[in-house]
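[1] Here is my input, please return the structure:
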Amino acid sequence: MTPETPDAPVTPEAEPTAEAVREAVEAGQALLRALLPGLTDAVVREPSALPGWSRAHVLAHIEGIGLAMARQARYALRGELVEPYDGGPPARAAAIEEGSRRSAAALRTAVEDALAEASAAWAAVGPDDWSRPVGYRDGPLRGALLAWWRELAIHTTDAGLGPGTDGWPRELCHHLMDHLAPRAPEGVHLVLVPAEGPAAVRRYGPADGPVVTVRGPLTALAAWLAGRAPHTPLVCERAGTAGPLPELRPWP
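    Numbers count the residues shown, from 1 in each chain. Presented below is the predicted three-dimensional model:
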């Protein structure tokens with residue numbers, strides 16, 4: 001499913017270039033590096049924003065996904081395909097659980113090492129390499145970079161480190177609203193109306209379906225679509241009547 005064209009003519013947000021995304025990723029990695037020295041054993045055991053996960057779980061996941069996507073880049077430049085995780089989802093889950101048991105010092109070192117490898121791997125990608133095939137979702141290398149951008153930003157917030165969802169960059173929010181289109185409720189015409197203006201409006205689902213309109217700041221709408229609690233209440237209307245937010249479908 002992809003967002004439909006709004007009824008009124010708008011000027012859509014341009015998709016960021018791979019170079020712009022790489023710069024955003026580097027900025028996100030620098031932010032996380034700056035936050036790591038403040039971690040203590042007590043702090044990493046505290047709950048994260050994800051049910052059942054501590055901060056240590058989230059940090060172990062950031063380490064794993066950073067290395068997994070960096071590996072996609074390394075192999076793509078060799079002309080080889082490899083799965084993101086050896087052993088698939090079960091191995092990924094086991095690595096997160098095991099990694100979460102480490103001390104704060106060990107977690108800091110592991111995450112710093114993963115960020116260093118990510119920086120080196122993505123820096124090696126040239127302008128003509130972004131279309132190279134990768135094992136991640138059988139797509140292009142650019143898709144793996146976008147995945148790392150999403151995961152890094154969202155999970156840094158989940159860990160309660162740095163800015164909350166209200167600090168997510170506009171470019172990331174627009175990307176999330178496009179990437180997460182498959183989460184739109186089935187059988188309705190969902191209209192997301194950011195306070196920032198008509199250029200940011202997104203429509204999903206059948207044009208002849210019952211209209212459900214959700215309004216709020218761009219960052220709050222992107223957070224909700226990403227399954228995170230909006231930092232400010234959203235307003236939902238069905239046939240002009242206020243109502244609860246609709247249930248979203250699974251993450252694509």
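
[2] host element of E80?
    Of the helices and strands defined by DSSP states H and E, none includes E80.

[3] for P16, same thing?
    According to DSSP H and E, P16 maps onto no helix or strand at all.

[4] For E97, see how far away it is.
    To E97, P16 is 34 Å away according to Cβ to Cβ, to the nearest Å. Any C-beta I mention is one placed from the backbone N, CA and C, and that applies to glycine too.

[5] These two: who's more crowded?
    P16 (18 against 13; other Cβ atoms under 10 Å).

[6] Against P217, how distant is E196?
    According to Cβ to Cβ, E196 and P217 sit 7 Å apart.

[7] Those two - which one has more neighbours?
    Using other Cβ under 10 Å as the criterion, E196 and P217 rank with P217 on top: 18 against 15.

[8] tally of neighbours for the nearest residue to L145 once chain neighbours are set aside?
    Excluding its sequence neighbours, the residue lying closest to L145 (Cβ to Cβ, 6 or more residues apart in numbering) is V21, at 5.6 Å. The number of residues packed near V21 is 21, by other Cβ under 10 Å.

[9] what about the helices in the stretch 1-150 of the chain?
    Applying DSSP state H, counting those that start in this stretch to the stretch 1-150 of the chain gives helices spanning 18-35, 41-45, 55-78, 88-99, 104-123, 141-158.

[10] Nearest approach to A239 belongs to which of those helices?
    Of all the helices of the stretch 1-150 of the chain, helix 141-158 sits nearest to A239, with 32.7 Å by Cβ to Cβ.

[11] Quick one: the helices of the stretch 1-150 of the chain as TSV, columns for mean pLDDT and distance to V134 too.
    Formatted as TSV, these follow (pLDDT from 0 to 100; distance: least, Cβ to Cβ, whole Å):
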stretch	mean pLDDT	distance to V134
helix 18-35	97	13
helix 41-45	98	31
helix 55-78	98	4
helix 88-99	96	16
helix 104-123	98	12
helix 141-158	98	5
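
[12] a markdown table for those, including distance to P185?
    Formatted as a markdown table, those follow (distance: least, Cβ to Cβ, whole Å):
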| stretch | distance to P185 |
| --- | --- |
| helix 18-35 | 29 |
| helix 41-45 | 36 |
| helix 55-78 | 27 |
| helix 88-99 | 26 |
| helix 104-123 | 35 |
| helix 141-158 | 21 |
